[in-house]
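Undergrad: give me a 3D structure for the following:
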Amino acid sequence: MRPLHFTSLSFAAVLCAACSSQPAATWSYSDAQGRTPLPPDQAYPELFEAVQRDQVFTDQKHFVDALPIRDPSTISADYLARRGSAGFDLKAFVKNNFVESGEAESPAPKPGAPIKEHIDNLWPVLSRTFREVPQYSSLLPLPQPYVVPGGRFREMYYWDSYFTMLGLEQSGDRAQVRQMTDNFAYMIDTYGHIPNGNRTYYLSRSQPPFFAYMVELQAHIEGDQAYGRYLPQLQREYAYWMEGARTLEPGAAVQHVVKLADGSVLNRYWDASPTPRQESWLQDVKTAEQASGRLRQEVWRDLRAGAESGWDFSSRWLGDGKNLSTIRTTAIVPVDLNSLLYHLERTIAKACDTTRNMPCTQAYSQRADQRQRAIEKHLWNAEGGYYVDYDWQLKQQRPALTAATLFPLYTGLASTERARRTADAVRDGLVRPGGIATTQVSNGQQWDEPNGWAPLQWVAVEGLSRYQQTELAQQIGTRFLQQVQNLYRDEDKLVEKYDVSGAGQGGGGGEYELQDGFGWTNGVTLKLLEKYGQSPGTVDQ
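TA: Next comes the predicted model:
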């Protein structure tokens with residue numbers, strides 16, 4: 001496993017004139033030693049803003065991943081002293097003070113290599129080891145090796161990693177499954193939660209909580225003792241998502257928690273910082289400018305919360321279903337998040353049971369039962385026959401059918417009858433020639449039609465199979481597998497997302513170009529190959 005190297009500079013960066021007076025440092029996280037890592041927008045705010053606003057680099061993420069070659073405070077002071085001088089060259093200044101962070105390579109396969117062999121060969125290419133990071137880097141160190149998604153994504157991401165780990169286990173690399181699980185446990189111990197990714201600028205939010213599934217995978221490998229070993233981290237992650245719940249009044253929300261008028265406690269996505277995302281700073285500034293009648297801080301928090309959801313971005317979070325400036329993620333109680341937290345509660349109960357702590361088992365089992373009842377009451381669309389999100393501010397369901405409807409099946413909380421009705425709705429409304437569509441809306445956002453994403457295919461396949469909807473599960477799984485294999489045959493690569501409309505190409509939309517690699521696609525592809533074998537009609541290279 002080789003470390004990520006740094007090469008000569010080329011970037012895109014962060015913070016705004018509008019938010020210079022709205023400091024990002026109103027919150028902070030400290031590691032286990034009490035140190036507070038500063039993200040780039042706080043380390044050199046004026047320079048950050050200038051680089052991002054002037055679009056020195058095409059990709060806004062590029063600059064925040066750059067490595068300062070000297071103390072950021074010195075670079076900042078130097079910039080402030082020189083920026084007004086005649087002939088000052090911002091690009092040259094950045095080049096002389098930062099080192100570019102290299103892309104995560106994804107080499108072409110060997111001629112004639114089957115897709116499984118190619119994926120097995122990709123794991124070491126996408127692996128990184130950073131027990132220590134260069135001084136002033138935005139990267140957060142981790143004690144064990146880990147796998148990055150690929151392309152512009154040079155760090156370990158939370159929910160991506162679970163699907164990557166499924167593939168690692170399928171490839172026989174059980175040691176790295178354990179190592180990555182330990183990395184996530186370390187981040188919980190160090191920061192109190194699992195950040196979006198191991199970067200300083202991701203510390204203000206998390207991602208869909210799949211840590212319990214990682215523990216479950218590790219328990220499948222080594223036995224139930226894994227549950228007890230990770231019990232403290234499971235409980236601490238749960239505490240992060242539930243912070244503020246005990247004192248919350250009905251009809252109100254605080255951080256990740258919402259209490260509905262009837263006293264039901266459910267969760268939402270949220271971010272601790274009401275500022276533009278550092279890695280997408282200019283896009284967020286422009287989005288807030290287009291949101292007439294709304295506080296820009298409110299828009300920025302909703303954008304960040306959308307990033308925490310992993311569905312960044314989707315019509316799910318948009319007030320009008322079309323325009324990003326109408327985003328209102330924090331007003332929405334998502335069915336997938338609450339299904340995952342139900343699974344977390346069940347997993348903690350099981351972990352407590354393995355340690356023979358019956359009061360703990362009973363307490364978390366009761367919480368899971370309460371959440372299940374709340375989901376069935378508020379997130380079940382009886383007329384449509386499928387699960388939906390709920391707008392707690394408007395006190396009404398959001399009736400759109402999306403791939404998130406399958407999470408109650410995936411986590412096992414749905415009844416047999418409701419699972420059957422959900423399967424019928426999915427069959428009629430979301431199945432496409434290349435798998436399952438993310439939504440039924442086509443609006444240019446990447447988590448919308450016509451894109452299909454590997455993790456959602458796996459959730460669909462596993463959820464439907466769990467309720468004996470095997471024919472539909474196989475239809476979705478083999479169609480997506482065919483799509484992946486066909487693109488691999490034609491272009492020698494696996495990509496982040498796919499156009500499942502039948503066009504036979506990679507997906508599009510969103511804030512950046514289609515990325516190769518690709519961690520979770522690799523993992524899900526291996527699992528689908530194990531489950532269904534080679535897709536009919538696919539040319540096996």
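Undergrad: A92: how many residues sit nearby?
TA: For A92, the count of nearby residues is 10 (other Cβ atoms under 10 Å). The C-beta positions use only the backbone N, C-alpha and C, and glycine is treated the same way.
Undergrad: separation between it and R53?
TA: Remark: distance between A92 and R53 (Cβ to Cβ, to the nearest Å) = 17 Å.
Undergrad: would you map out the domains in the chain?
TA: Using automatic domain parsing, the domain ranges for the chain come out as 117-242, 248-269+309-400, 411-541.
Undergrad: how about the ones you listed in JSON lines, adding mean neighbour count?
TA: Below are the domains of the chain laid out as JSON lines (neighbours: other Cβ atoms under 10 Å):
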{"stretch": "domain 117-242", "mean neighbour count": "21"}
{"stretch": "domain 248-269+309-400", "mean neighbour count": "20"}
{"stretch": "domain 411-541", "mean neighbour count": "21"}
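Undergrad: point out where the chain drops to low pLDDT.
TA: Within the chain, the segments meeting pLDDT under 70 span 1-36, 102-106, 535-541.
Undergrad: tell me the centre residue of it?
TA: The centroid of the chain falls nearest to G310 when counting by Cα atoms, centre = their mean (3.6 Å).
Undergrad: in TSV: the domains of the chain, plus distance to H62.
TA: TSV is the format used below for the domains of the chain (distance: least, Cβ to Cβ, whole Å):
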stretch	distance to H62
domain 117-242	8
domain 248-269+309-400	18
domain 411-541	10
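Undergrad: so for L38, which of those sits nearest?
TA: L38 sits nearest to domain 117-242 of all the domains of the chain, at 6.5 Å, using Cβ to Cβ.
Undergrad: any idea how far apart the tips of that closest one sit?
TA: Start-to-end span of domain 117-242 (Cα to Cα, to the nearest Å) is 43 Å.
Undergrad: give me the phi and psi for G151.
TA: phi 60, psi -130 (degrees, to the nearest 10).
Undergrad: quick check: beta-bridge partners of it?
TA: On the basis of DSSP bridges, G151 takes part in beta bridges with A104.
Undergrad: isn't T422 right up against G385?
TA: Yes - assessed by Cβ atoms under 8 Å, T422 is found in contact with G385 at 6.8 Å.
Undergrad: how close does the closest residue to E169 other than its chain neighbours sit to L217?
TA: Of all residues not flanking E169 in the chain, V177 sits nearest, at 5.2 Å (Cβ to Cβ, 6 or more residues apart in numbering). V177 sits 6 Å away from L217, going by Cβ to Cβ.
Undergrad: can you list residues touching both of these two?
TA: 165, 169 (Cβ atoms under 8 Å, 6 or more residues apart in numbering).
Undergrad: ok but the residue nearest to the centre of the chain is inside a helix, no?
TA: No - assessed with DSSP: H, G, I helix; E, B strand; the rest coil, G310 is coil; it does not lie in a helix.
Undergrad: run through who's touching the host helix or strand of the residue nearest to E169.
TA: According to DSSP states H and E, V177 maps onto helix 174-191. For helix 174-191, contacts defined as Cβ under 8 Å, 6+ apart pick out 29, 31-32, 123, 127, 140, 142-147, 156, 158, 161, 164-165, 168-169, 193-195, 198, 203, 211, 214-215, 217-218, 221-222, 230, 233, 236-237, 240.
Undergrad: in this structure F407 contacts V388, no?
TA: No - in this structure F407 lies outside contact range of V388 using Cβ under 8 Å: 11.3 Å.
Undergrad: for the residue lying closest to L529 once chain neighbours are set aside, grab phi and psi.
TA: Spatial nearest neighbour of L529, excluding adjacent residues (Cβ to Cβ, 6+ apart): K116 at 6.1 Å. The phi/psi pair for K116 (degrees, to the nearest 10) reads phi -60, psi -40.
Undergrad: around K116, count how many other residues there are.
TA: Number of residues near K116 (other Cβ under 10 Å) recorded here: 17.
Undergrad: from the contact counts, what lies against the helix or strand that W458 is a member of?
TA: Using DSSP H and E, W458 sits in helix 454-466. Applying 3 or more Cβ pairs under 8 Å, 6 or more residues apart in numbering; DSSP states H and E, one finds that helix 454-466 contacts helix 158-170, helix 407-410, helix 416-429, strand 435-436, helix 470-491, helix 519-532.
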